[in-house]
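Participant: Sequence first, then the predicted structure, then my questions.
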Amino acid sequence: MEGVEDGVVLRVRDLKKYFPVTGGFFDHVQWYVRAVDGVSLDLYRGQTMGVVGESGCGKTTLGKCILRLEEPTEGHIWFKGKDLMALGSREMQETRREMQMLYQDPYSSLDPRMPVASIVAEPLTIHGIKGQEATRRVEEMSKLVGLGEKDLSKYPHMFSGGQRQRVSIARTLILNPSLVILDEPTSALDVSVQARLLMLFQRLQRALGLTYVFISHDMRTIAYISDVVAVMYLGQIVEQGPARIVFAEAKHPYTQALFAAMPTADPDRELRDLIGVTGEVPDPSEVPSGCRFSPRCAFKKGSMCDEEEPVLAPVGPDHLVRCHIYSHDRAEVQS
């Protein structure tokens, strides 16, 4: 077992999740969708790791695999030094009291037939906490997320989108987890509501000592809330490092493209010229050989990018990039 030093809440090593695609008369496996393909990361207590990338890059599947809501195909996950891959179903259920996930669409994740008090209390009931203790916790948590006492008797359809997400947050935090995976928690909401929820997440993090994995496709949101950033493309991390460094000195062409695609107030800006990216994201069941980004990259270096898969390697203190441009430069310097 790999040692986990003090302060590391989550350690992931070479995590993979392949989904089989079957077909034919005997329903044999024809190929695999490589949704997560060799992800490694460390997350320290109290940090927020922003995981960003286009739809289909594997970021939500990564979050589910960390909690073992999806069983990984390969790899290792340690949570507070505990090897999650070695746990049975009952042990994993107990561990999930400390690991929770908040989903994108609060309306679809809330039972419309249950009042808010019952929705928030449901995780307590599952873990055998009932009566006055459960009532006390529900009232305290609801107040902490900005819900009033009268809100507890209401039903989900009686709330706005932002208020429904507050209900979801209260339910997610009611068991006092230390790690929370936030899967696009603000993307379905108005910009003003997004801002208020982001401030709420930060306030809750300070008050409750939470550690976050914040999944999003929005670079502005990631820039606002993250301490460290992992940029994903076709199941792999292509750039990783402290947020202030990645946002100031983005190295990977894909990360630069994501920055270039961020909306601006400049009506004369030519978006297409800034991005330098062509084509669509390839099908994850047909991953390109060599560098996965090479078919869309304006900076590729000949056949090397098409034939050799780059490794995630350091380009500075705690700053990692998966790109032949920088591995080639390092090799030239070493020679």
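Facilitator: The structure has been received and is ready for your questions.

Participant: use CA for all of it now, contacts and neighbours both
Facilitator: Noted.

Participant: where does the chain have low pLDDT?
Facilitator: Along the chain, segments meeting pLDDT under 70 span 1-5, 24-27, 263-278, 328-335.

Participant: mind listing the strands in the protein by residue range?
Facilitator: Assigned by DSSP state E, the strands in the chain fall at 8-23, 28-44, 48-52, 74-79, 82-83, 99-102, 179-183, 211-216, 228-233, 236-242, 312-316, 319-322.

Participant: Quick one: distance of the fourth one to the chain centre.
Facilitator: Relative to the mean C-alpha coordinate of its chain, strand 74-79 is positioned 16 Å out (C-alpha atoms, centre = their mean, to the nearest Å).

Participant: try the shortest one
Facilitator: Its chain's C-alpha centre and that of strand 82-83 lie 20 Å apart, by C-alpha atoms, centre = their mean.

Participant: strands paired with it, and their directions?
Facilitator: strand 74-79 (antiparallel) (DSSP bridges).

Participant: which one of the strands of the chain lies closest to Ile222?
Facilitator: Closest to Ile222 of those is strand 48-52 (C-alpha to C-alpha; 5.5 Å).

Participant: For whichever helix in the chain runs longest, buried residues please.
Facilitator: If you go by DSSP state H, the chain has its longest helix at helix 191-208. Using 16 or more other C-alpha atoms under 10 Å as the test for burial, helix 191-208 gives Gln194, Leu197, Leu198, Leu200, Phe201, Leu204, Gln205.

Participant: For it, which helices and strands make contact with it?
Facilitator: helix 161-173 (3 or more C-alpha pairs under 8 Å, 6 or more residues apart in numbering; DSSP states H and E).

Participant: which outside residues touch the helix it packs on?
Facilitator: 100-102, 105-107, 109-110, 116, 119-123, 138, 141-142, 145-147, 156, 185, 189, 193-194, 197 (C-alpha atoms under 8 Å, 6 or more residues apart in numbering).

Participant: Narrow the residues you listed to those in helices?
Facilitator: Judged by DSSP H, the subset of these located in helices is 106-107, 109, 116, 119-123, 138, 141-142, 193-194, 197.

Participant: Pull out the buried members of those residues.
Facilitator: Neighbour counting with 16+ other C-alpha under 10 Å marks 106-107, 116, 119-123, 138, 141-142, 194, 197 as buried within these.

Participant: Can I get those residues in TSV including distance to Arg68?
Facilitator: Shown next, in TSV, are these (distance: C-alpha to C-alpha, whole Å):
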residue	distance to Arg68
Pro106	21
Tyr107	24
Val116	27
Ile119	23
Val120	23
Ala121	23
Glu122	20
Pro123	18
Val138	27
Met141	26
Ser142	28
Gln194	28
Leu197	27
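
Participant: now, among the residues you listed, which is nearest to Glu239?
Facilitator: Glu239 lies nearest to Gln194 out of those, by C-alpha to C-alpha, at 25.8 Å.

Participant: who's in contact with that closest one?
Facilitator: Counting by C-alpha under 8 Å, 6+ apart, Gln194 touches Gly162, Thr186, Ser187.

Participant: Not counting sequence-adjacent ones, nearest residue to the second one?
Facilitator: Okay, so that is Thr186. Distance criterion C-alpha to C-alpha, 6 or more residues apart in numbering; nearest residue to Thr186, sequence neighbours excluded, is Gln194 at 5.3 Å.

Participant: Same question for the last one.
Facilitator: The shortest distance from Ser187 to any residue that is not its chain neighbour, by C-alpha to C-alpha, 6+ apart, is 6.9 Å, and that residue is Gln104.

Participant: count of neighbours near that neighbour?
Facilitator: 20 (other C-alpha atoms under 10 Å).

Participant: Adding neighbour count, write the contacts of Gln194 out as JSON lines.
Facilitator: Putting the contacts of Gln194 into JSON lines (neighbours: other C-alpha atoms under 10 Å) gives the following:
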{"residue": "Gly162", "neighbour count": "20"}
{"residue": "Thr186", "neighbour count": "25"}
{"residue": "Ser187", "neighbour count": "15"}
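
Participant: of those, closest to Ser226?
Facilitator: Scanning these for proximity to Ser226, where the rule is C-alpha to C-alpha, the winner is Thr186, at 14.4 Å.

Participant: Arg196 is in contact with the closest one, correct?
Facilitator: No. Thr186 lies out of contact with Arg196 (C-alpha atoms under 8 Å); the separation is 9.8 Å.

Participant: one step back: can you tell me which of the strands of the chain is nearest to Leu62?
Facilitator: Nearest of the strands of the chain to Leu62, taken as C-alpha to C-alpha: strand 28-44 at 6.4 Å.

Participant: How far does the closest one sit from its chain's centre?
Facilitator: 14 Å.

Participant: OK, contacts around Val311?
Facilitator: Neighbouring residues of Val311 by C-alpha under 8 Å, 6+ apart: Val321, Arg322, Cys323.
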